[in-house]
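S.K.: With the sequence up front, the predicted model follows.
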Amino acid sequence: MFSIRKLGAIGRTYRHLNRYHRILRVLFKYGFNDLIDRLHIDQYLESGLQMINRKPREQISRLSRPERLRLVFEELGPTFIKLGQLLSTRPDLIPPDFLDELAKLQDEIPPFSAEEVRAILKEELGRYPEEIFHYFDDEPLAAASIGQVHRARMDDGSEVVVKVQRPGIENVIAVDLEILAHIVELMEQYLEEVQGHQPMAIVHEFARSLSREIDFSIELANIQRFARQFEDNPAVHVPLVYPELSTDRVLVMEYVLGIKSSKVEMLREQGYDLSLIAERGANLVMEQIFVHGFFHADPHPGNVFILPDNVVCFIDFGQMGRLSLKDREDFTDLVLNLVAGNEQNIVAGVLKVTVQLGEIDREHLSRDLGSLMDMYLYRPLKNLEAGKILQDLLDLVFRHKLSFKPSFYQMLKALTTVEGLGLMLDPKLELIRLAEPFMRKIRLGRLHPGRLVSELSATGFSYLSLLRDLPEEARTILYQLRSGRMRLEFEHRGLKSLSVTLDQVSNRISFAIVLASLIIGSSLILLSGLPPLWRGIPIIGLLGFIVAGLMGFRLLLSILRHSRM
């Protein structure tokens, strides 16, 4: 996993400063000057910052702020494209217009050369492509931020695809994550609107997600686990993988010859049953979520192919979601209580699946949940859209300073994506009706005798262990008290911005003292007539005044830029 260190702790290395300046240039280019000024970035990166053009082009200024943010992420490359895609699933963090725009981010960038592909295969597998495959196409099928895909043919005639990691991508992501962590740290200090949302925790979660996605051995394991889940289900096809030809940076798997699920007209012309495909796809995603707790987190149309006999095939297993049994049960209780109009249990259900970001007014929350139920409870099931209900629930949760756990956002994204795809294939699809049997099965599973016995045994064993360890734990605490080794730690918050301001003030005072000393020293040299001279004026004194003038001009610019005299 990527290790995020504080930027200040690793020094102003060339690669960090160079990339940081690149990020700032792009932000200035697209008109985010206000954000940079609010974050006080210049006090960390004074070097060269004044040379950056701060005015966006006229045609860029005409774009909306969400459009400009999308263009920023696209221009900054892999890490930021992935970040934008993550943010597009977090309505608790950004407004709806930004969500819609970031959802358009395309993970497509220019391919890297065939020579680099050959070098990576040689390094990873010990052989060049022509020594491994009967045929290998140097032209990639697709190129993305993490890697690119090439077609190949095995000696037995099997058609495969070879996914190769982009050279140097780990270093690029590592630098970007460290800079991103520094920017987020400044946001926590200076932007009130993000305080309480724990943005640094989101960065760390993002780093974990990227670590999993960049390691192709994890994607290989994901495919193998997914295949075991559906090995007896003829309605789904999982691509075969070749573990003996796969490493952390190379993944070889079956080439799937199917039709993209978004090509509705082509499917209709070739006689596919669109209603059956829509229902199968929805049921497969529901089974992944509610039965296995391991699901494809990005089932957009480009990742879902349709094979003959209306068989559904998922591809690209880099992003997978996971839900514990308890999480599935808590979410099921919440949805079923909403559908049943059980007001008494809904507030407790919402609090179980969310994290509190502030003080909660339970009575107000109960009233809003009641209004949400009134809006949907008495409508015919065919008129209900799961995506709309979930979006309204997300908005409600955000208003009450609550946030779903990260795994729930992945699940909600998967559900809304598959519903959108299903409605494209069959406008009569009712996702809520299809989900209900899976949810009721989870609820009934709690009452299974074997489950009850297992939970009682586990609980009893936990209490027994606690009682057994209690005397030793109490003895340890008493010993620490007696020896004076127990201590209380206090964390002071809100002092960092003050510390930064004091540093800035002291730096300016020191700068002004050096400037005054330079002026006085230069004046004394001029009066003394110390050679060498130029037109009777001491050159050293003249140079001193020039340097003092430049320093004074820079100090004045710094003060004016912050609008503080």
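M.R.: Everything's here; your move.

S.K.: Run the chain-centre distance for the longest helix along the chain.
M.R.: Using DSSP state H, we find that the single longest helix of the chain is helix 449-483. Offset of helix 449-483 from its chain centre (CA atoms, centre = their mean, to the nearest Å): 38 Å.

S.K.: now stretch 339-358
M.R.: 26 Å.

S.K.: Flag every buried residue along it.
M.R.: Using 16 or more other CB atoms under 10 Å as the test for burial, stretch 339-358 gives 339, 346-347, 349-351, 353-354, 357. No exception for glycine: its C-beta is placed from N, CA and C like everyone else's.

S.K.: Not counting that stretch itself, show me its contacts.
M.R.: 196-198, 327, 330-331, 333-334, 337-338, 360, 362, 365-366, 369-370, 373, 377, 397, 401-405, 408, 432, 436 (CB atoms under 8 Å, 6 or more residues apart in numbering).

S.K.: Direction included, what does the stretch of helix or strand residue 161 belongs to pair against?
M.R.: Using DSSP states H and E, residue 161 maps to strand 159-165. Paired neighbours of strand 159-165 in the sheet (DSSP bridges): strand 147-153 (antiparallel), strand 250-254 (antiparallel).

S.K.: Comparing these, which comes out most buried?
M.R.: Mean neighbours per residue, mean count of other CB atoms under 10 Å, is largest over these for strand 250-254, with a mean of 22.

S.K.: JSON lines please, covering the buried residues of stretch 339-358 and showing secondary structure.
M.R.: Formatted as JSON lines, the buried residues of stretch 339-358 follow (DSSP: H, G, I helix; E, B strand; the rest coil):
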{"residue": "339", "secondary structure": "helix"}
{"residue": "346", "secondary structure": "helix"}
{"residue": "347", "secondary structure": "helix"}
{"residue": "349", "secondary structure": "helix"}
{"residue": "350", "secondary structure": "helix"}
{"residue": "351", "secondary structure": "helix"}
{"residue": "353", "secondary structure": "coil"}
{"residue": "354", "secondary structure": "strand"}
{"residue": "357", "secondary structure": "coil"}
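
S.K.: thinking again about what came up before, report the mean per-residue pLDDT for the longest helix of the chain.
M.R.: Mean pLDDT, helix 449-483: 72.

S.K.: Could you name the helices and strands sitting against it?
M.R.: Secondary-structure packing of helix 449-483 (3 or more CB pairs under 8 Å, 6 or more residues apart in numbering; DSSP states H and E): no helix or strand packs against it.

S.K.: quick one: buried residues of the helix or strand following it?
M.R.: Next along the chain after helix 449-483, taking DSSP H and E as the criterion, comes helix 496-528. Along helix 496-528, these residues count as buried under the neighbour rule (16+ other CB under 10 Å): 500, 515, 518-519, 522, 525-526.

S.K.: Need the CA coordinates for the helix or strand harbouring residue 422. CSV is fine.
M.R.: Using DSSP H and E, residue 422 maps to helix 406-425. This file holds the C-alpha atoms of helix 406-425, laid out as CSV (Å, rounded to 0.1, in the frame of the first residue of the first chain):
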residue,chain,number,x,y,z
PRO,A,406,-17.3,4.1,2.5
SER,A,407,-18.4,0.6,1.6
PHE,A,408,-22.0,1.7,1.5
TYR,A,409,-21.2,4.4,-1.1
GLN,A,410,-19.7,1.7,-3.3
MET,A,411,-22.8,-0.4,-2.9
LEU,A,412,-25.2,2.6,-3.6
LYS,A,413,-23.2,3.4,-6.7
ALA,A,414,-23.4,-0.2,-7.9
LEU,A,415,-27.1,-0.3,-7.4
THR,A,416,-27.9,3.0,-9.1
THR,A,417,-25.5,2.2,-12.0
VAL,A,418,-27.1,-1.2,-12.6
GLU,A,419,-30.6,0.3,-12.3
GLY,A,420,-29.7,2.9,-14.9
LEU,A,421,-28.3,0.2,-17.2
GLY,A,422,-31.4,-2.0,-16.6
LEU,A,423,-33.9,0.8,-17.4
MET,A,424,-32.0,1.4,-20.6
LEU,A,425,-32.6,-2.2,-21.6
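
S.K.: That one - contacts with which helices or strands?
M.R.: helix 264-269, helix 274-286, strand 294-296, strand 320-322, helix 325-340, helix 386-399, helix 431-445.

S.K.: of all the ones you listed, which lies closest to residue 416?
M.R.: helix 386-399 (3.9 Å; CB to CB).

S.K.: in the stretch 351-500 of the chain, which segments are predicted with low confidence?
M.R.: 377-384, 446-448, 450-456, 458-459, 484-500 (pLDDT under 70).

S.K.: Next, the angle from the longest helix of the chain to helix 325-340.
M.R.: Angle of helix 449-483 versus helix 325-340, following axes from the mean of the first three to the mean of the last three CA atoms, to 10 degrees, is 120 degrees.

S.K.: Please spell out which residues along helix 449-483 are buried.
M.R.: Within helix 449-483, judged by 16+ other CB under 10 Å, no residue is buried.

S.K.: what's the angle between that helix and helix 431-445?
M.R.: Using the same axes, to 10 degrees: helix 449-483 against helix 431-445 is 70 degrees.

S.K.: number of nearby residues for residue 139?
M.R.: 8 (other CB atoms under 10 Å).

S.K.: That one sits in which helix or strand?
M.R.: Using DSSP H and E, residue 139 sits within no helix or strand.

S.K.: For it, grab phi and psi.
M.R.: phi -80, psi 120 (degrees, to the nearest 10).

S.K.: hang on, the earlier thing: buried residues of the strand holding residue 161, list them for me.
M.R.: 160-165.

S.K.: what's the answer for stretch 387-400, then?
M.R.: 387, 389-391, 393-394, 396-398, 400.

S.K.: could those go into CSV alongside distance to residue 472?
M.R.: Formatted as CSV, the buried residues of stretch 387-400 follow (distance: CB to CB, whole Å):
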residue, distance to residue 472
387, 53
389, 51
390, 48
391, 51
393, 46
394, 46
396, 47
397, 43
398, 45
400, 43
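
S.K.: And these, which is closest to residue 425?
M.R.: Using CB to CB, the buried residues of stretch 387-400 come closest to residue 425 at residue 387, 15.1 Å.

S.K.: Distance check, that closest one against residue 539.
M.R.: Distance, residue 387 to residue 539, using CB to CB, to the nearest Å: 76 Å.

S.K.: ok now do residue 245, which residues does it touch?
M.R.: With CB under 8 Å, 6+ apart, residue 245 has these contacts: 125, 132, 252.

S.K.: Now for the buried residues of helix 496-528: which two are most distant?
M.R.: Longest span within those, CB to CB: 500 and 526, 39.0 Å.

S.K.: Near the nearest residue to residue 396 once chain neighbours are set aside, how many other residues are there?
M.R.: Leaving out its chain neighbours, the residue that sits closest to residue 396 by CB to CB, 6 or more residues apart in numbering is residue 368, at 5.4 Å. Other residues near residue 368 number 18, with proximity taken as other CB under 10 Å.

S.K.: any idea which element residue 368 lies in?
M.R.: Judged by DSSP H and E, residue 368 forms part of helix 362-376.

S.K.: send the alpha carbons of the host helix or strand of residue 37 over as PDB?
M.R.: Using DSSP H and E, residue 37 maps to helix 33-39. C-alpha atoms of helix 33-39 as PDB (Å, rounded to 0.1, in the frame of the first residue of the first chain):
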ATOM      1  CA  ASN A  33      -7.200  31.200  -8.000                       C
ATOM      2  CA  ASP A  34      -9.600  31.700  -5.100                       C
ATOM      3  CA  LEU A  35      -9.000  28.200  -3.700                       C
ATOM      4  CA  ILE A  36      -5.200  28.600  -3.800                       C
ATOM      5  CA  ASP A  37      -5.400  31.900  -2.100                       C
ATOM      6  CA  ARG A  38      -7.700  30.500   0.600                       C
ATOM      7  CA  LEU A  39      -5.300  27.600   1.300                       C
END
